[in-house]
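Peer 1: Mind looking at a prediction? Sequence and model below.
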Amino acid sequence: MTRFGDGLALGPDLTSAARTAIEKALAPLSAQPDLVCVFVSSEDPEAVEEAGRVAMEIAGARVVVGCSADGVIGGGHGVEEATAVSAWAAVLPGARLEAFRLETLKTEDRLIVVGMPEGRDDDVVGMLLADPYSFPVDAFVERSVDALPGLPLVGGMAGGPGQGGTRLFVDGEVFDSGAVGVVLGGSLVAATVVSQGARPVGPDMVVTRAEENLLYELAGTPALEKLEHIVLGLPEEEQELAGRGLLIGVAMDEYADEHERGDFLVRGVVGADTDTGALAVGDVIEVGRTVRFQVRDAGAAEEDLSALLERFDLAPVEGALLFSCNGRGRAMFDDSDHDARILNGAFGPAGIGGFFAAGEIGPVAGRNHVHGFTASILAFGPHGGGLDGGGLDGDDLDGDDLNGLDPDDVP
């Protein structure tokens, strides 16, 4: 029984491409799809909207969700800077699907996000697609860890020509703001992988002085001085990488004896102050946390994704959704097919679809985060195979905690 399919179609006529992509995705299925995802790449928002409406009309699924994108993934390929449609279809017997649309409401002193379904005990995973211009995705995702404990969120930020140019699709409707998605629960075997594509360099260090996103001291030494000492001790090739874009990883398990690739939440180093010796980073890192500098290049990104998939213990994978950063593809690798090709090699003949996102959503060490330059993957195992170490299982959730989310509450 084939339960997953994917389709890809290119060409200037997006409505025709949408029909072709949907037909290809549905062709191998042995039953009507329960979930269809559709992603459309074009600089013309109106054409994207029409393609999305056509796809939703003909998909014949219980839930259809999707968005505009900077590029799409399907049929074993990635397509960037071209008009194209990717469709992905899944037959999920016994699964419960709840589509949603999130809106941001303004009060006198705060923003409130509404629209998240009330959580259930058998929730397994949520997929979230957001407009980066109108939706407080960073705050929402970070707060979701407390509001919906145990519910992984996977997805990405929609692409488009600018504010008002993104399009979000859900169950026959099209929106140009907010966020859409689906919560999957019930009888479902799934797992997530987030490949941050970075390689640690230098030693582990404890943050000994910090304020908000400024690191003043690492291991008792001024942060900038510590950085300079570490970089000068690196091989020439890694010094070059550090000069092109240095990162810092925050260890997710403080009790581990060693912290290696994949053990960190990776964030950018965005500036330095020679007067104070401080480093500015793209997140708040508290005193006492263990950190390690990181570098990223095509080789490190490929090694990281391949290594994570080698350790992947959900087998066989029958279908997967891939949300790859729009800074990957041809901007990082030789071609746009790289991440799709790696997944095809690891998963075999699985239905794989997705898009190049303007920011990726996925859990690291049990907490949901928004990432950059990552590949975030939601993979599905065999129906009735039972949950194993790679499976996701929903815990006791309270969706009301997320309705009324105040992004200002997020540190």
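Peer 2: Now that the structure is in, tell me what you want to look at. Only a predicted model underlies this, so the values are computations on that prediction, with no experimental measurement involved.

Peer 1: the helices in the stretch 51-200 of the chain, which residues?
Peer 2: Taking DSSP state H, counting those that start in this stretch as the criterion, the stretch 51-200 of the chain contains helices spanning 137-147.

Peer 1: where does it have low pLDDT?
Peer 2: Screening the stretch 51-200 of the chain residue by residue with the criterion pLDDT under 70, one finds no matching range.

Peer 1: does K24 count as helix, strand or coil?
Peer 2: Each residue gets one of three states, and K24 gets helix by DSSP: H, G, I helix; E, B strand; the rest coil.

Peer 1: Just to check, it is in contact with G76?
Peer 2: No - with contact defined as CB atoms under 8 Å, K24 does not count as touching G76 (11.6 Å). All C-beta atoms are positioned from the backbone trio N, CA, C, and that covers glycine.

Peer 1: When those two are compared, which one has more neighbours?
Peer 2: Between K24 and G76, K24 has the larger neighbour count (other CB atoms under 10 Å), namely 20 against 13.

Peer 1: I'd like the distance between the more buried one and L105.
Peer 2: Noted for K24: a distance of 40 Å to L105, by CB to CB, to the nearest Å.

Peer 1: Then G359?
Peer 2: Plainly put, G359 is 22 Å away from L105 if you go by CB to CB.

Peer 1: In terms of neighbours, single out the busier of the two.
Peer 2: G359 (24 against 11).

Peer 1: list the contacts for the nearest residue to the more buried one once chain neighbours are set aside?
Peer 2: In this structure, G359 finds its nearest non-sequential neighbour in M157, 4.1 Å apart by CB to CB, 6 or more residues apart in numbering. M157 makes contact with L129, A130, D131, P132, V137, A357, A358, G359, E360, I361, V370, according to CB atoms under 8 Å, 6 or more residues apart in numbering.

Peer 1: hey, what's M157 bridged with?
Peer 2: In this structure, M157 has beta-bridge partners A130, where bridges are defined by DSSP bridges.

Peer 1: Can you give the strand pairings for the strand or helix carrying H369, parallel or anti for each?
Peer 2: Here H369 sits within strand 367-371, counting by DSSP states H and E. For strand 367-371, the paired strands and their directions (DSSP bridges) are strand 360-364 (antiparallel).

Peer 1: so for the partner strand, what's the average pLDDT?
Peer 2: When pLDDT is averaged over strand 360-364, the result is 94.

Peer 1: Could you do stretch 212-227 as well?
Peer 2: Averaging pLDDT along stretch 212-227 gives 95.

Peer 1: Can you give me the buried ones in it?
Peer 2: Neighbour-count burial for stretch 212-227, counted by 16 or more other CB atoms under 10 Å, picks out N213, L214, L215, Y216, E217, L218, P222, A223, L224, K226, L227.

Peer 1: Kindly check the end-to-end length of it for me.
Peer 2: Distance between the boundary residues of stretch 212-227 (CA to CA, to the nearest Å) amounts to 19 Å.

Peer 1: contacting residues around it?
Peer 2: Residues lying outside stretch 212-227 but in contact with it, judged by CB under 8 Å, 6+ apart, are 205-210, 229, 246, 248, 269, 272-274, 276-285, 291, 293.

Peer 1: Please type out the PyMOL selection for whichever of the residues you listed turn out to be buried.
Peer 2: In PyMOL, the members of the contacts of stretch 212-227 classed as buried (16+ other CB under 10 Å) are selected with the following command:
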select buried, resi 205+207+209+210+246+248+269+272+277+278+279+281+283+285+291+293
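
Peer 1: mind checking how far the residue nearest to G359 is from G245?
Peer 2: M157 sits 20 Å away from G245, taking CB to CB as the criterion.

Peer 1: S195 too?
Peer 2: Distance from S195 to G245, by CB to CB: 17 Å.

Peer 1: These two: who's more crowded?
Peer 2: Taking neighbours as other CB under 10 Å, S195 and G245 compare with S195 leading, 28 against 13.

Peer 1: just checking, F169 touches M56?
Peer 2: Yes - the pair F169 / M56 is scored as a contact, 6.0 Å apart, by CB under 8 Å.

Peer 1: which helices and strands does the host helix or strand of V206 pack with?
Peer 2: Secondary structure assignment for V206, by DSSP H and E: strand 205-211. In terms of contacts (3 or more CB pairs under 8 Å, 6 or more residues apart in numbering; DSSP states H and E), strand 205-211 is packed against strand 214-218, strand 290-295.
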